[in-house]
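[1] with the input below, show me the fold.
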Amino acid sequence: MRRRKVRGMIDEGRKRIASIILASEAGGRLSIRITILLTLLLLTSSCGYRFKPEGGIVPEGAKTIAILTFVNGTSEPYVDLEVTRAVVDEFLSDGRLKVVSAETADLLLKGTVTRFGITPAAYTPDGYVQSYTVSIGINVSIEDARTHKLIRQEKGVGSVFTSGYGVSIGDITSTKIAKETAIKNSSRDVASTLRSRILDGF
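    Model prediction:
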């Protein structure tokens, strides 16, 4: 019954779009850009689609999430804080789940940084390392904040792109800054992958 209703709404939306496009062609009053914008608006309004976290693992009715500070399971100091910050920023930017405190949240996100890797990426002609790549891996669980029932575990979530940084021979400060930037970029990659898995299902 629900599928039939949605299909009818889609058909109705298509008819309205077609009539607007025909009117624009006949009268020459609407530009192509305006026609495209109207088409998108009609698709989202008449077909009943909304940006909701329904494609992933989020239970129906969940609107808020608390992101607890990640546990650092590596020997790299502060990488847990960078990953936590990146995940919080990712969910704040997405907006489908409101990030709140653990006391008022519908869901709890807990995570551990399980892997931190630095791999030489390039060498100078005399054999010194010229640049490195950084990669990060995490394990995450999603719980119902009230019952603490486990909803989903995501293991081995890794950065989609490893982030590289150059080595400045004799300039420790510049190398350190480059490494910190690479860790931030790799953390953002991990956070983006995690957000996609939770909210979009892939």
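
[2] where exactly do the helices run in this protein?
    2-27, 32-46, 79-94, 172-195 (DSSP state H).

[3] mean pLDDT lowest where, among those?
    Among those, helix 32-46 carries the lowest mean pLDDT, a mean of 46.

[4] just checking, Phe79 touches Val113?
    One thing to correct before we go on: residue 79 is Val, not Phe. Yes. Applying C-beta atoms under 8 Å, one finds Val79 in contact with Val113, separated by 5.4 Å. All C-beta atoms are positioned from the backbone trio N, CA, C, and that covers glycine.

[5] need the residues touching each of the two.
    Shared contacts of Val79 and Val113 (C-beta atoms under 8 Å, 6 or more residues apart in numbering): 72, 136.

[6] break this structure into its domains for me.
    Domain assignment for the chain by automatic domain parsing gives 2-46, 64-200.

[7] could you export those as JSON lines, including distance to Val58 and mean neighbour count?
    What follows is the domains of the chain, written out as JSON lines (distance: least, C-beta to C-beta, whole Å; neighbours: other C-beta atoms under 10 Å):
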{"stretch": "domain 2-46", "distance to Val58": "20", "mean neighbour count": "12"}
{"stretch": "domain 64-200", "distance to Val58": "6", "mean neighbour count": "17"}
